[in-house]
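[1] model this:
(2 chains)
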Amino acid sequence: MNKFKLLACSVLCMLVFTFSQAFAQEKMWVSSDGAKLKADKTSSSATIATLPFGKELNIITLEKRWYRVFTSSGETGWIYRGKVSNTEPEKDEDDGEESFFDDLPGTSIQADASDSSRSIRGLSPEANEYAKSTKTPEKYKRALDNAMAITTEKREVELFLKKGKIGEYAQ
Amino acid sequence: MIPRFNSGRRNFLKFAGTLGLLTAAPAYAFDIFKVLDPEGTSEDIQKAKQIFQGTGNILASTKELDFESELAIGESLALEGFRRFGMPKENKNLQKYVNLVGNSVARNSTRPKIPYHFVVIDSPLYNAFACPGGIIFVSATLCKSMKSEAELASVLAHEIAHVCHKHALKSIKRAKFLEGVTKITTANMKGEEGRKFKDMIGGLQDILFERGLDKKMEFEADFSGMAFAYRTGYTPKGLVNVLRMLKQKEQAATKKGSWFSTHPPLSDRIGKCSHRMGRYPDSSSLATVQSRFNTYRRFF
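    Predicted coordinates:
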C-alpha cells in the first residue's frame, strides 16, 4: 500500500512538474512580415508555415540564432531570432491587416509576381491638389511619381538577403 | 487653464468626474453634456465642455489620421524635398539597390505592413530624412561616404524608425489643419482649409529641413534603427560607424539643412549608440556586406 502511495505521489509530482514547465514556457510574438517556420535551423530547410504578424509563439530553446517554437495551432519548428520579439507588437489599425507583400485581395494574382498599380495611379489626389495650389513644377511631380513606382517584391528581398548572406541566410 | 470653482470640493469632484467619464467615452461626450446641463447655464459644465473639446481635437489630430492621409502629407512634403534638396540620381539600378536595402530592414521594423519608398537624391549635403507614410530620402553624398551596406542599412533604419514612431506627425499635432481631421480628402483642401494644409506642410519643412525633430525622437530613432538593423542581420555598429565618419567630416561640411544641423550633436549620439552596442554582444559576427556595397558606391 505504501509503495502504491509512493508511486502515485511520484507520478503526480512528475505531472505537476511537466505542466508547470509547459505553462512556464517563454512566450514570444512574430514581429516581422512574412516570417517562416522552418523544419530545421537553416534557411534552406523546408518551410512548415508562414506565420502571421503578431502570432504568439512558445519558445522551447534557442540555438545559433534560431528559436525552436511551438504554436497554438500545434506546429513545431524553427524561426530566425530576428523575426520575433519578447513583447507583443502593436497592430496599427490604420495600416490594415493586409501586408503589401501578401497576395492581392480578391484576385488570383500573387504579390510576388505582380507590380503594384502605383505607377498607374500617380500621386494621390490630395498631393496633386497641393502641387497645383503651390505651382509645383512638373519635374518634381514626375520625380516623386517615378520614385513611388519602384516596387520591391518579397521574393526580391529574400533573394537579396540570400545573396548578401544576411540574417537567416548567414552561414 | 483650470477653471476656479466657487462652490468648493463638491463642484470640483463633479467637474473631475464628468471630465474623466467623458474622456473615457468620447463618443457620448456631447450627449452627456446636454443631459447634465440642457440649458447650457452651468458655468462649470460649459468650462468642462470647452476643455474636453480642446483635448478631443488634440487626440483626434494624432490618433485618428488614416494611412492614406498620412501618405498624402508625406507626398506633399516629398515634393518640397525635391524642390529644396535636388532631384533623384538618374540610375535605376542604384535606386533599386537602395530600395532593396531599405525594404529588407523595414519588414523587421515595428511597422512592417506599409510600403516604403527610398530615394537617393543628387545633393552635396550629408542628409537623410523621412516623410510621413514611408517616403525616405537619402543624399548621394552621405551614401558615397559610407563603407558598407550595413552602414547604409543603419541610416535607412534610423529614418524608418521615424516613420514607425510617426515622429513628424507628432511634431505637428497642434497644426490647425489637423484639428478634428481624421481623413484628408481634396474636399477639405479647398479655400481656408487648403491654406491651413499648406501651413502644415510649411511647418513640417521647418522641422525636418531646418530645426530638426526633438532630440528625444532622434535618440529613439537611433536605438530603434539599431534594433531593426540587428533583427535583419546587419551589424548595428553600422550606425556608430556612420556617426564617427560624419564627425570627421563635420568641420568642412555645409551644416544648413544637413544631418549636422537637424540632429543632436554627433558626440552625444556616438556616446549613446556606442553604449547601446552592449545589447548586441554578437554584433561582430553579423553582416556588413562591403563587397556588394562597393559595386554600387561609385554610382552614388
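[2] going by C-alpha atoms from here, please, whenever you check contacts or count neighbours.
    Noted.
[3] how about whichever strand or helix holds B:F223 and chain A, touching?
    If you go by DSSP states H and E, B:F223 is part of helix B:215-232. Yes: for helix B:215-232, a contact with chain A is found by CA under 8 Å from any CA of the partner chain, at B:230-232.
[4] ok but A:W29 is inside a helix, no?
    No: for A:W29, which was evaluated using DSSP: H, G, I helix; E, B strand; the rest coil, the result is strand, with no helix membership.
[5] around it, how many other residues sit close by?
    Using other CA atoms under 10 Å in any protein chain shown as the criterion, A:W29 is surrounded by 21 other residues.
[6] ok, now which ones touch it?
    Contacts for A:W29 (CA atoms under 8 Å, 6 or more residues apart in numbering or on different chains) come out as A:53-57, A:84-89.
[7] same thing but at 6 Å, please
    Taking CA atoms under 6 Å, 6 or more residues apart in numbering or on different chains as the criterion, A:W29 is in contact with A:54-57, A:84-85, A:88.
[8] for burial, what's the neighbour tally of B:G203?
    Other residues lying near B:G203 total 15 when counted by other CA under 10 Å.
[9] any idea how far it lies from chain A?
    Note on B:G203: its distance to chain A, by CA to the nearest CA, to the nearest Å, is 15 Å.
[10] can you list the helices and strands that the helix or strand containing that residue packs against?
    Counting by DSSP H and E, the element that carries B:G203 is helix B:191-205. Counting contacts by 3 or more CA pairs under 6 Å, 6 or more residues apart in numbering or on different chains; DSSP states H and E, helix B:191-205 packs against no other helix or strand.
[11] show me what counts as buried in that helix.
    With burial defined by 16 or more other CA atoms under 10 Å in any protein chain shown, the residues of helix B:191-205 counted as buried are B:193-194, B:196-198, B:200-201, B:204-205.
[12] only alpha carbons, please: show it as CSV.
    The C-alpha coordinates for helix B:191-205 follow below in CSV (Å, rounded to 0.1, in the frame of the first residue of the first chain):
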residue,chain,number,x,y,z
GLY,B,191,-10.1,77.6,-49.6
GLU,B,192,-9.2,78.2,-46.0
GLU,B,193,-8.6,74.6,-45.3
GLY,B,194,-6.2,74.5,-48.2
ARG,B,195,-4.3,77.4,-46.7
LYS,B,196,-4.1,75.5,-43.4
PHE,B,197,-2.8,72.4,-45.2
LYS,B,198,0.0,74.5,-46.8
ASP,B,199,0.8,76.0,-43.5
MET,B,200,1.1,72.5,-42.0
ILE,B,201,3.5,71.4,-44.8
GLY,B,202,5.4,74.6,-44.2
GLY,B,203,5.7,73.7,-40.6
LEU,B,204,6.9,70.2,-41.4
GLN,B,205,9.6,71.6,-43.7
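[13] what does that helix contact?
    For helix B:191-205, using CA under 6 Å, 6+ apart, the contacting residues are B:175, B:177.
[14] the helices in chain B, which residues?
    Counting by DSSP state H, chain B has these helices, from start to end: B:9-24, B:29-36, B:43-63, B:67-85, B:92-106, B:140-144, B:149-164, B:167-171, B:191-205, B:215-232, B:237-249, B:259-262, B:266-276, B:290-297.
[15] count of neighbours near the nearest residue in space to B:H263 that is not next to it in sequence?
    In this structure, B:H263 finds its nearest non-sequential neighbour in B:G212, 5.9 Å apart by CA to CA, 6 or more residues apart in numbering or on different chains. A count of neighbours around B:G212, defined by other CA under 10 Å, yields 23.
[16] ok, the one 5 residues further on next?
    The burial count assigned to B:M217 is 21, neighbours taken as other CA under 10 Å.
[17] okay, B:N91 and chain A: tell me how far apart.
    When distances are taken as CA to the nearest CA, B:N91 and chain A turn out to be 11 Å apart.
[18] from A:E153, how far off is that residue?
    Taking CA to CA, to the nearest Å as the criterion, B:N91 is separated from A:E153 by 19 Å.
[19] more neighbours: which of these two?
    The neighbour comparison of B:N91 against A:E153 (other CA under 10 Å) goes to A:E153, with 19 against 11.
[20] residue ranges with poor pLDDT in the chain?
    Since you didn't name a chain, this refers to chain A. In the predicted model, chain A carries pLDDT under 70 at residues A:1, A:13-25, A:92-121.
[21] let me rephrase: I mean chain B.
    If you take pLDDT under 70 as the line, chain B has these spans: B:1-64.
[22] so it: which segments form each domain?
    Domain segmentation of chain B under automatic domain parsing yields B:9-63, B:67-297.
[23] make a markdown table out of the ones you listed and add distance to A:K163.
    Listed next are the domains of chain B as a markdown table, based on distance: least, CA to CA, whole Å:
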| stretch | distance to A:K163 |
| --- | --- |
| domain B:9-63 | 40 |
| domain B:67-297 | 9 |
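[24] pick the most deeply packed of those domains.
    Among the domains of chain B, judged by mean count of other CA atoms under 10 Å in any protein chain shown, the one packed with the most neighbours on average is domain B:67-297 (a mean of 20).
[25] gap between the nearest residue to B:E250 once chain neighbours are set aside and A:S32?
    Excluding the flanking residues, the one nearest B:E250 by CA to CA, 6+ apart is B:F260, at 7.2 Å. As defined by CA to CA, B:F260 lies at a distance of 32 Å from A:S32.
[26] over to B:V101?
    When distances are taken as CA to CA, B:V101 and A:S32 turn out to be 16 Å apart.
[27] how about B:F219?
    As for B:F219, its distance to A:S32 is 23 Å (criterion: CA to CA).
[28] got it, and B:P281?
    22 Å.
[29] re the thing from before, A:T136 is nearest to which of the domains of chain B?
    Taking CA to CA, domain B:67-297 is the member of these nearest to A:T136, at 7.6 Å.
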